[in-house]
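Asks: dropping a prediction and its sequence here:
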Amino acid sequence: MKTLKFNKFDNVIPLNLALADFDGLAKLFIYEREGREAPSMYSLVRTTDKFILTPCRRGNSLLEELRIKKVDWVKIDVEGAEYEVLSGMTEIMKNNESLKIIMELHLRNGELINWEKKSKVY
């Protein structure tokens, strides 16, 4: 919240939830990475049993509920759950031609997931 106020962002809605490819509850795994705790719905390192139950939403249904039609930018940093987040945003991507997505992409088991081939949109 301090960052939003400091940068005078008045078009940002902070929400305490995770984006995914379904609406409901999910385990948010908490593991240590580079000396700090890093949460992820997909445990990349599979070295933790520590998690919290977190509400999650598909981007499509969340924006519909918030009555947001136009999206210019999306930043995704989800520690391995990129495919799930993108899969829950198909309508957003289809309906916002100028949408820019900035994302940190993680490998799963040493391989990139080819989201383009699995998606029904592209």
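Replies: Yep, it's here.
Asks: top strand in the chain by residue count?
Replies: If you go by DSSP state E, the chain has its longest strand at strand 24-33.
Asks: mind listing what it pairs with, with the direction of each?
Replies: strand 36-40 (antiparallel), strand 51-58 (antiparallel) (DSSP bridges).
Asks: averaging pLDDT over each of those strands, which comes out lowest?
Replies: For these, mean pLDDT drops lowest on strand 36-40, to a mean of 67.
Asks: from Gly80, how far off is the closest residue to Leu66 other than its chain neighbours?
Replies: Using C-beta to C-beta, 6 or more residues apart in numbering and skipping residues adjacent in sequence, the residue nearest Leu66 is Ile13, 6.8 Å away. Every C-beta, even on glycine, is put in place using the N, C-alpha and C of the backbone. For Ile13, the distance to Gly80 equals 25 Å [C-beta to C-beta, to the nearest Å].
Asks: so for these two, which residue has more residues nearby?
Replies: Counting neighbours by other C-beta atoms under 10 Å for Ile13 and for Gly80 shows that Gly80 has the greater number, 20 against 9.
Asks: pLDDT value on Thr47, please?
Replies: We note a pLDDT of 65 for Thr47 in this prediction.
Asks: my error: substitute Ala18 in the last question.
Replies: The per-residue pLDDT reported for Ala18 equals 88.
Asks: in space, what's closest to it - neighbours in sequence excluded?
Replies: Per C-beta to C-beta, 6+ apart, closest to Ala18 is Cys56, 4.2 Å.
Asks: what do you get for Asn60?
Replies: Closest to Asn60 by C-beta to C-beta, 6+ apart is Glu91, at 4.3 Å.
Asks: looking only at pLDDT, what's the mean for the helix or strand hosting the one you found?
Replies: Per DSSP states H and E: Glu91 is located in helix 90-95. Mean pLDDT, helix 90-95: 92.
Asks: partner residues bridging Tyr31?
Replies: As for beta bridges, Tyr31 partners with Ala38 under DSSP bridges.
Asks: just give me the neighbour total for it.
Replies: By the criterion of other C-beta under 10 Å, Tyr31 has 18 neighbours.
Asks: thanks a lot, catch you later.
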